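Peer 1: what would the 3D arrangement of this be:
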Amino acid sequence: MKTLGLLVFSLLALFSSAAMAHHSPASMEHLVEHLLLMLAIGLPLFFGFRYLLKRNRRD
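Peer 2: Numbers count the residues shown, from 1 in each chain. You can find the predicted model right below:
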């Protein structure tokens, strides 16, 4: 169940980060920038939470 919660939270963070990067109507032209920001925010979150879950299982 924790893994499913981690996956859902990480996916929400990954997809919402592109929306947070949207700061003007013209920003839709900058899709690559949005995708890079999404990866830059979402991937560390995913791997960080995965690390925390693994660490908590060992305790």
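
Peer 1: rest of the way, CA atoms for contacts and neighbours
Peer 2: Will do.

Peer 1: report the buried residues of stretch 46-53.
Peer 2: 46, 49, 50 (16 or more other Cα atoms under 10 Å).

Peer 1: and of those, the nearest to residue 35?
Peer 2: For those, the minimum distance to residue 35 (Cα to Cα) is 15.8 Å, reached by residue 46.

Peer 1: go ahead and confirm that closest one touches residue 10.
Peer 2: Yes: contact criterion Cα atoms under 8 Å: residue 46 and residue 10 qualify, at 5.2 Å.

Peer 1: what mean pLDDT does stretch 45-59 get?
Peer 2: For stretch 45-59, the mean per-residue pLDDT is 79.

Peer 1: burial check on residue 35, number of neighbours?
Peer 2: For residue 35, the neighbour count with other Cα atoms under 10 Å is 16.

Peer 1: the helix or strand in which it is found packs against which elements?
Peer 2: Element membership for residue 35 (DSSP states H and E) is helix 31-58. Using 3 or more Cα pairs under 8 Å, 6 or more residues apart in numbering; DSSP states H and E, the elements in contact with helix 31-58 are helix 2-20.

Peer 1: give me the low-pLDDT residue ranges for the protein?
Peer 2: The model of the chain has pLDDT under 70 over residues 1, 14, 16-29, 31, 58-59.
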